[in-house]
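S.K.: Sequence unavailable; structure follows:
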């Protein structure tokens, strides 16, 4: 499992994918999220603006990433 560290209370899913280096741009994030390729805490989530808080885990393309504060 990989980790990203945030300074604020939450991070949006699209931003988290970019921060983790799993996508190259916001457009790429939008496409993979809308295509149902991303899970949050084990469930598919198609909302790019989904707020992730410390302890949440998202997965894309076989890579799991936990959000930490």
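M.R.: Received, thanks. Small disclaimer: the values here were computed from a predicted structure and weren't measured. Numbering: from 1, shown residues only.
S.K.: what lines up beside the longest strand anywhere in the chain in the sheet?
M.R.: Secondary structure of the chain read by DSSP state E shows that its longest strand is strand 63-68. Within its sheet, strand 63-68 is paired with strand 2-5 (parallel), strand 57-60 (antiparallel), according to DSSP bridges.
S.K.: Name the stretch among these that sits most buried.
M.R.: Comparing the strands paired with strand 63-68 by mean neighbour count (mean count of other C-beta atoms under 10 Å), strand 57-60 comes out on top with a mean of 19. For the C-beta atoms, the positions are set from N, CA and C on the backbone; glycine is no exception.
S.K.: Report all helices and strands that the longest helix along the chain contacts.
M.R.: Longest helix in the chain, counting residues (DSSP state H): helix 26-34. Helix 26-34 sits against helix 13-19, with contacts defined as 3 or more C-beta pairs under 8 Å, 6 or more residues apart in numbering; DSSP states H and E.
S.K.: ok, back up a step: would you mark the buried spots in the longest helix of the chain?
M.R.: For helix 26-34, the neighbour count (16 or more other C-beta atoms under 10 Å) marks 29, 32, 33 as buried.
S.K.: That helix - what's its average pLDDT?
M.R.: Here helix 26-34 scores 96 as its mean pLDDT.
S.K.: hmm, back to that, want to throw the buried residues of helix 26-34 into TSV with distance to residue 44?
M.R.: Converted to TSV, these look like this (distance: C-beta to C-beta, whole Å):
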residue	distance to residue 44
29	15
32	11
33	9
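S.K.: and of those residues, the nearest to residue 61?
M.R.: residue 32 (8.1 Å; C-beta to C-beta).
S.K.: isn't that closest one right up against residue 58?
M.R.: No. Contact criterion C-beta atoms under 8 Å: residue 32 and residue 58 do not qualify, at 11.1 Å.
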